[in-house]
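In: Okay, sequence plus prediction incoming.
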Amino acid sequence: MSKQKASTVHESVSTSLLSLAMTLEKLGKVHQALSPYLKIIEKYPDTPEVPLAIEKVLAIADGMRLRGQFHVAMRVYDRLESASFVAHEE
């Protein structure tokens with residue numbers, strides 16, 4: 001696959017994942033929304049959706065922290081850190 005074609009596919013998938021995650025979040029399925037957000041960050045780090053995905057993950061983790069779900073929030077921060085680390089290695 002050409003580099004340009006791969007980039008187009010990555011952008012399309014990233015856009016679709018962002019839409020899915022935001023829909024899940026609107027439906028109140030916040031934990032399920034984390035997976036597509038993190039996948040964007042990890043697998044498609046050069047797409048325009050990454051900053052919003054990071055913002056959403058941080059907001060979800062902050063909401064968990066505010067509800068006293070410290071352990072769960074910490075796991076989310078760890079997953080975000082891991083996703084960012086993997087993305088920078090590629």
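Out: That came through, no problem.
In: what ranges do the helices span in this structure?
Out: Using DSSP state H, the helices found in the chain span residues 3-26, 30-43, 50-66, 70-89.
In: and the shortest one, which residues are buried?
Out: Going back to what we said before, that points to helix 30-43. Neighbour counts over helix 30-43 (16 or more other Cβ atoms under 10 Å) mark 30, 33-34, 36-43 as buried. Just so you know, the C-beta spots here come from the backbone N, C-alpha and C atoms, and that holds for glycine as well.
In: quick revisit: tabulate the helices of the chain in JSON lines, adding columns for mean pLDDT.
Out: Output for these, formatted as JSON lines (pLDDT from 0 to 100):
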{"stretch": "helix 3-26", "mean pLDDT": "90"}
{"stretch": "helix 30-43", "mean pLDDT": "94"}
{"stretch": "helix 50-66", "mean pLDDT": "95"}
{"stretch": "helix 70-89", "mean pLDDT": "83"}
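In: Quickly compare these and say which is most buried.
Out: Across the helices of the chain, the average number of neighbours (mean count of other Cβ atoms under 10 Å) peaks for helix 30-43, which reaches a mean of 20.
In: which residues does Lys56 contact?
Out: 21-22, 25, 33, 37 (Cβ atoms under 8 Å, 6 or more residues apart in numbering).
In: neighbours of Leu27, just the number please.
Out: 10 (other Cβ atoms under 10 Å).
In: where does it fall, phi/psi-wise?
Out: In terms of degrees, to the nearest 10, the main-chain angles of Leu27 are phi -80, psi 0.
In: for Pro48, same thing?
Out: According to degrees, to the nearest 10, Pro48 has phi -70, psi -10.
In: if I look at it, how far off is Pro36?
Out: 15 Å (Cβ to Cβ, to the nearest Å).
In: Throw the buried residues of helix 30-43 into JSON lines and include distance to Ala59, thanks.
Out: Listed next are these as JSON lines, based on distance: Cβ to Cβ, whole Å:
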{"residue": "Val30", "distance to Ala59": "10"}
{"residue": "Ala33", "distance to Ala59": "10"}
{"residue": "Leu34", "distance to Ala59": "11"}
{"residue": "Pro36", "distance to Ala59": "15"}
{"residue": "Tyr37", "distance to Ala59": "10"}
{"residue": "Leu38", "distance to Ala59": "13"}
{"residue": "Lys39", "distance to Ala59": "17"}
{"residue": "Ile40", "distance to Ala59": "15"}
{"residue": "Ile41", "distance to Ala59": "14"}
{"residue": "Glu42", "distance to Ala59": "18"}
{"residue": "Lys43", "distance to Ala59": "21"}
